[in-house]
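S.K.: For reference, the sequence and a predicted model appear below.
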Amino acid sequence: MTPEDPVKKPDLQGRPEIVKLVNTFYDRVRADAVLGHIFDQVAQTNWETHLPKMYAFWETVMFRSGGFTGNPLAAHAKLVALTDMGRDKFDHWLKLFCGTVDDLFVGEHADHIKNCAADMANVIFSRINQVPDPRFDPANLTPEQRERYARYKSQPQPATP
């Protein structure tokens, strides 16, 4: 161990790390001046039911094993009439999420969950606010998204009838 790396952070490996990430993240959200009131006062989040849903959601996203069922888009869409759900809120949410990941984990899965979170923030923001998804502008794609798109475009496309 060097002074530059006093503690090696683990990567996300399964449910225990997802639970740690979700709990830490939502503790930060609830204390956050920008987002806390949206969850606690506007959405009136029931944390006893919300947190297990988020464990299942992120475990499903990461490992396809969480058994999540639900409609995140609808849950966020109903808030549009109640509070500002603008780009700045989603950018702030993403910054807080990625910062939490970075504080706790490092590795391939940690990087992947941050990319997934960015994708979801873009999709949910765009759909509930009925604006174009900025990811559709090639200039806004991450390197991982560019690579996935290039692989997709290089695959033979089925003929249309």
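M.R.: Looks like it came in fine.

S.K.: Low-confidence regions, the chain specifically.
M.R.: In the predicted model of the chain, residues 1-6, 133-140, 152-153, 155-161 satisfy pLDDT under 70.

S.K.: Which residue ranges of it form helices?
M.R.: Per DSSP state H, the chain carries helices over the ranges 15-31, 36-37, 47-63, 72-77, 87-104, 108-129, 143-154.

S.K.: Output the last one as CSV, nothing but the C-alphas.
M.R.: Below are the C-alpha coordinates for helix 143-154, written out as CSV (Å, rounded to 0.1, in the frame of the first residue of the first chain):
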residue,chain,number,x,y,z
PRO,A,143,-16.7,6.4,-25.4
GLU,A,144,-18.6,3.3,-24.1
GLN,A,145,-21.8,4.4,-26.0
ARG,A,146,-19.8,5.1,-29.2
GLU,A,147,-18.3,1.6,-29.0
ARG,A,148,-21.7,0.0,-28.4
TYR,A,149,-23.2,2.0,-31.3
ALA,A,150,-20.3,1.1,-33.6
ARG,A,151,-20.8,-2.6,-32.8
TYR,A,152,-24.5,-2.3,-33.4
LYS,A,153,-24.0,-0.5,-36.8
SER,A,154,-21.5,-3.2,-37.9
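
S.K.: What residues sit buried inside that helix?
M.R.: Of all the residues in helix 143-154, not one is buried under the rule 16 or more other C-beta atoms under 10 Å. All C-beta spots, glycine's among them, are computed from the backbone N, C-alpha and C.

S.K.: Can you check what angle separates that helix from helix 108-129?
M.R.: 80 degrees (axes from the mean of the first three to the mean of the last three C-alpha atoms, to 10 degrees).

S.K.: what sits against the residue positioned nearest the centre of the chain?
M.R.: Centroid-nearest residue in the chain, with C-alpha atoms, centre = their mean: Ala117, separated by 2.3 Å. Under the criterion of C-beta atoms under 8 Å, 6 or more residues apart in numbering, the neighbours of Ala117 are Leu94, Phe97, Cys98, Val101.
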